[in-house]
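>>> The sequence and its predicted three-dimensional model are supplied below.
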Amino acid sequence: MAPRRLAGQSAIAAGLFFAAQGAFLLEEPRQDHWTSSDNLAYGLFGVAVVLSLVSIVALGRSTVRSPDRLGRTGLIVSVVGLACLAATALIRIEVSDEVLDGPFLLGFLMIAVGYLLVGLWAYRSRTLSLWSAFLPWLGVVGAATLQDAHGAGLWMGLMWLLFGGVLLGLMPQSNRGQVSNQPS
């Protein structure tokens, strides 16, 4: 599968999982103590984070030239941040408690910085347009602002759905099912 297509498909899947988590948390708000619904919320979040990681890595591999220093730095910081988030979600499910707040916060800070750097690289290298290059970063900023009780997952999901749509829409026309070389 072509890297850009993989990036787009995994971004859309991540968006769906983030949105499902956000909708679930609006219906079943978090309690002061761990409940069984927290397992589902962190499970949806963990899957979305792993899919985001696949999307970001595939985006970095989708260009003709390798990413420059800014792009590589953004990709590495994003991947490490996403790994922190995925590991923390998994550990929280395993121990059924809100543990490892430091690595969780560090993961969010790292993806905020990493997505910003990836966005700058993607725009400067003309991999993505200005409005679409920063969609993952806007997702993090919006989610941090909204928090779970106000639709953070829905916002993050929307940004990743848009991002995936842009990535899939940037594919050459011949790969999008056009049967002739004539404009449609």
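Everything's here; your move.

>>> wait, isn't V50 in contact with A86?
Yes. V50 is in contact with A86 according to C-beta atoms under 8 Å; the separation is 5.5 Å. The way it works is simple: take the backbone N, C-alpha and C, and place the C-beta from them, glycine included.

>>> which residues of the chain fall in helices?
Using DSSP state H, the helices of the chain run over 3-27, 36-61, 69-95, 101-124, 130-133, 135-146, 152-169.

>>> Remind me what the shortest one packs against, helices and strands.
Judged by 3 or more C-beta pairs under 8 Å, 6 or more residues apart in numbering; DSSP states H and E, the packing partners of helix 130-133 are helix 101-124, helix 152-169.

>>> for the fourth one, same thing?
Contacting helix 101-124 under the criterion 3+ C-beta pairs under 8 Å, 6+ apart are the following elements: helix 36-61, helix 69-95, helix 130-133, helix 135-146.

>>> cool, the longest one as well?
Packed against helix 69-95, as judged by 3+ C-beta pairs under 8 Å, 6+ apart, are the following elements: helix 36-61, helix 101-124.

>>> export these to CSV and tack on mean pLDDT, mean neighbour count and distance to W160?
Below are those laid out as CSV (pLDDT from 0 to 100; neighbours: other C-beta atoms under 10 Å; distance: least, C-beta to C-beta, whole Å):
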stretch, mean pLDDT, mean neighbour count, distance to W160
helix 36-61, 96, 21, 7
helix 101-124, 96, 19, 11
